[in-house]
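Engineer: Following is a predicted model, sequence given first.
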Amino acid sequence: MSVQLNHTIVHARDNRESAAFFADLLGLTITQEWGPFVAVTLGNDVTLDFATVPAEHIAPQHYAFLVSEAEFDAAYEKITARGLDHWADPHGKQPGEINRNDGGKGVYFTDPSGHYMELLTIPYGGWPQR
């Protein structure tokens, strides 16, 4: 078996709020709730296990998600409809815009716990030659 990421724990002020925000934004579902975790499963079977922790224990992390053009457009529509701050760049110097890096689309925004989220339709450097 090759090495694969199975799951990661995402610290949140409110695990259900953060999981619901993420699942709704990307058209996913909450797949499990057990112990302190509320899980959302991605298309490659990796789960994001949201866990409530005290706010002072949350160190903002960066999570980047490769999505289809249709998924990007649907999520971006929700981002703008909700009035969420978003940027074309990771430094926040291009507010209210998306980027067109590598011929695709990309956007940065924060989740309810302050994590830096990124959606992109083409991986950095483009698709590998096969």
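Structural biologist: Nice, I can see it. Numbers count the residues shown, from 1 in each chain.

Engineer: Let me know whether residue 98 touches residue 104 as I believe.
Structural biologist: No - look at residue 98 against residue 104 with Cβ atoms under 8 Å: they stay out of range, at 9.7 Å. Placement of C-beta: from N, CA and C, glycine included.

Engineer: Check the separation of the first and last residues in stretch 28-39.
Structural biologist: 11 Å (Cα to Cα, to the nearest Å).

Engineer: List the buried residues of that stretch.
Structural biologist: 28, 30, 37, 38, 39 (16 or more other Cβ atoms under 10 Å).

Engineer: and the gap between the first one and residue 48?
Structural biologist: Read it as residue 28. Distance of residue 28 to residue 48, given as Cβ to Cβ, to the nearest Å: 9 Å.

Engineer: Which residues are in contact with each of these two?
Structural biologist: Common contacts of residue 28 and residue 48 (Cβ atoms under 8 Å, 6 or more residues apart in numbering): 22, 40, 42.

Engineer: The chain: strands as residue ranges?
Structural biologist: For the chain, applying DSSP state E gives strands covering 7-12, 30-34, 37-41, 47-52, 62-66, 86-87, 106-110, 116-120.

Engineer: okay, the ones you listed in a markdown table with distance to residue 127 and mean pLDDT next?
Structural biologist: Formatted as a markdown table, the strands of the chain follow (distance: least, Cβ to Cβ, whole Å; pLDDT from 0 to 100):
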| stretch | distance to residue 127 | mean pLDDT |
| --- | --- | --- |
| strand 7-12 | 25 | 98 |
| strand 30-34 | 29 | 95 |
| strand 37-41 | 24 | 98 |
| strand 47-52 | 24 | 98 |
| strand 62-66 | 10 | 98 |
| strand 86-87 | 24 | 98 |
| strand 106-110 | 15 | 98 |
| strand 116-120 | 12 | 98 |
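
Engineer: between the lowest-mean-pLDDT helix or strand in the chain and strand 47-52, how big is the angle?
Structural biologist: Ranked by mean pLDDT, DSSP states H and E, the helix or strand of the chain with the weakest confidence is strand 30-34, at a mean of 95. In terms of direction (axes from the mean of the first three to the mean of the last three Cα atoms, to 10 degrees), strand 30-34 departs from strand 47-52 by 50 degrees.
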